[in-house]
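Enquirer: quick check, what structure comes out for this input:
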Amino acid sequence: MRLYEVNYKLIEKFIVINIVIIIVSREYRRGLDIKPLTEYDLIEDHLITVCVRKRPVNKKEVARKEVDVITIPSKNQLIVHEPKTKVDLTKYLENQLFRFDYAFDETCTNGIVYK
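Expert: Next up, the predicted model:
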């Protein structure tokens, strides 16, 4: 087997894994009740506020066929869809939930973030 044949198989495997991750994460997201933070939501004043902001996927990441693995389902939650492999080599997605005072999705404006 030549080197370019091996590389082609690795690339093909990578693409298949990414497609599976995309499909599984989309299915998971469909089951969520997505309610992002809006400019009309009440902002509570705290001495210390912990926030997270998701940035949009950039052009380079899209060109490299990278997968969006972050979901912001509500104004204070973030879910990371982490691809994993079991001992028997089956692939699955582990969804880890994190809570913050505020979570801003990729559509939030600077006005909302710094309100």
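
Enquirer: gap between the residue most central in space within the chain and residue 48?
Expert: With distances taken as C-alpha atoms, centre = their mean, residue 70 lies nearest the centre of the chain, 1.4 Å away. Distance, residue 70 to residue 48, using C-beta to C-beta, to the nearest Å: 23 Å. For every residue, glycine as well, the C-beta is placed using N, CA and C.

Enquirer: with residue 98 instead?
Expert: 17 Å.

Enquirer: those two: who's more crowded?
Expert: Higher neighbour count among residue 98 and residue 48: residue 98, with 12 against 5, using other C-beta atoms under 10 Å.

Enquirer: now the more buried one: how far from residue 51?
Expert: 12 Å.

Enquirer: what about residue 45, neighbour count?
Expert: 5.

Enquirer: tell me which element it falls in.
Expert: According to DSSP states H and E, residue 45 maps onto no helix or strand at all.

Enquirer: contact partners for it?
Expert: Contact analysis of residue 45 by C-beta atoms under 8 Å, 6 or more residues apart in numbering lists nothing.

Enquirer: hmm, who's touching stretch 49-65?
Expert: Contacts for stretch 49-65 (C-beta under 8 Å, 6+ apart): 15, 18, 66, 68, 70, 72, 78, 98, 100-106, 108, 113.

Enquirer: just the C-alphas of that stretch, formatted as PDB.
Expert: Extracted C-alpha coordinates of stretch 49-65, given in PDB (Å, rounded to 0.1, in the frame of the first residue of the first chain):
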ATOM      1  CA  THR A  49     -20.500  37.200  37.300                       C
ATOM      2  CA  VAL A  50     -19.300  34.200  35.300                       C
ATOM      3  CA  CYS A  51     -20.200  34.300  31.700                       C
ATOM      4  CA  VAL A  52     -19.300  32.300  28.600                       C
ATOM      5  CA  ARG A  53     -19.700  33.400  24.900                       C
ATOM      6  CA  LYS A  54     -19.700  31.100  22.000                       C
ATOM      7  CA  ARG A  55     -18.100  32.400  18.900                       C
ATOM      8  CA  PRO A  56     -19.300  31.500  15.400                       C
ATOM      9  CA  VAL A  57     -17.400  28.900  13.400                       C
ATOM     10  CA  ASN A  58     -14.900  30.800  11.200                       C
ATOM     11  CA  LYS A  59     -14.200  30.300   7.400                       C
ATOM     12  CA  LYS A  60     -11.000  28.300   8.000                       C
ATOM     13  CA  GLU A  61     -12.900  25.900  10.300                       C
ATOM     14  CA  VAL A  62     -15.700  25.500   7.700                       C
ATOM     15  CA  ALA A  63     -13.100  24.800   5.000                       C
ATOM     16  CA  ARG A  64     -11.400  22.200   7.200                       C
ATOM     17  CA  LYS A  65     -14.900  20.600   7.700                       C
END
